[in-house]
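Peer 1: model this:
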Amino acid sequence: MRRVVCPGSYDPVTNGHLDIIERASKLFDEVWVAVLINPNKKGMFSIEERMEMIREITGGLPNVRVDSWRGLLVDYCKNNGIMAIAKGLRSVSDFDYELQMAQMNRELSGVETLLMSNNPAYGFVSSSLIKEIVKYGGDVKNLVPGAVLERLKAKLAASNSDG
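Peer 2: Numbering: from 1, shown residues only. Coordinates of the predicted model:
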């Protein structure tokens, strides 16, 4: 069985992330979407909320499973029989960083990395920008799945009523 992992923080998941996941699902028998647990970073959404959103928007992709991980990605791959990592590239700076990571991961474990060019419609999209735009009332409905947009708005409304 050919397995690939699409790792990320997914805080929140965007249409750019979904595009890479969908494309990987056509190339591999199983796609594991792995949400990074980084105890040093406070995200807008909890790990469980991120995983739930990803499950919801990938529900139509029967070969996608959602999980989380902490530590080295290559250890996660080894523990789950995953021999490839799929990453999306938005820019040259993404390529520079991801190439170094791909080479290191291959050296450490033999895990290969598939660097996929992004859909140009999402080349400028990042989770950080999405959160900032929504925070100031901007429209991102074409950049995130509808279910994610609703959760973003609800989360921001709740944080505004708290403070």
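
Peer 1: show me where this protein has helices.
Peer 2: Per DSSP state H, the chain carries helices over the ranges 15-27, 47-57, 73-80, 92-109, 127-135, 146-162.

Peer 1: ok, and what's touching the third one?
Peer 2: Spelled out, that is helix 73-80. Helix 73-80 is contacted by residues 3, 5, 7, 32, 34, 67, 69, 82-83, 85, 105, 108-109, 111 when judged by C-beta atoms under 8 Å, 6 or more residues apart in numbering. (Each C-beta comes from the backbone N, C-alpha and C, glycine too.)

Peer 1: Could you turn the buried ones of the residues you listed into a ChimeraX selection?
Peer 2: This is the ChimeraX syntax for the buried subset of those, where burial follows 16 or more other C-beta atoms under 10 Å:
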select :3,5,7,32,34,69,82,85,105,111
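
Peer 1: In TSV, list the contacts of helix 73-80 along with distance to N118 and pLDDT.
Peer 2: Formatted as TSV, the contacts of helix 73-80 follow (distance: C-beta to C-beta, whole Å; pLDDT from 0 to 100):
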residue	distance to N118	pLDDT
R3	22	97
V5	18	98
P7	16	97
W32	20	98
A34	19	98
D67	23	98
W69	23	95
I82	22	97
M83	23	95
I85	16	98
N105	20	94
L108	26	92
S109	26	93
V111	22	96
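
Peer 1: Among the contacts of helix 73-80, find me the one that's closest to L143.
Peer 2: Nearest to L143 among those: P7, at 20.8 Å, using C-beta to C-beta.

Peer 1: For that closest one, list each beta-bridge partner.
Peer 2: Per DSSP bridges, the residues bridged to P7 are A34.

Peer 1: in terms of contact, does it touch W69 like I think?
Peer 2: Yes - contact criterion C-beta atoms under 8 Å: P7 and W69 qualify, at 7.4 Å.

Peer 1: how close does the closest residue in space to G110 that isn't next to it in sequence get to D75?
Peer 2: Leaving aside its chain neighbours, G110 sits nearest to M83 (7.7 Å; criterion: C-beta to C-beta, 6 or more residues apart in numbering). Here the criterion is C-beta to C-beta, to the nearest Å. By it, M83 lies 14 Å from D75.

Peer 1: re earlier: need the phi and psi values for the residue nearest to G110.
Peer 2: Backbone torsions for M83, taken as degrees, to the nearest 10, come to phi -110, psi 0.
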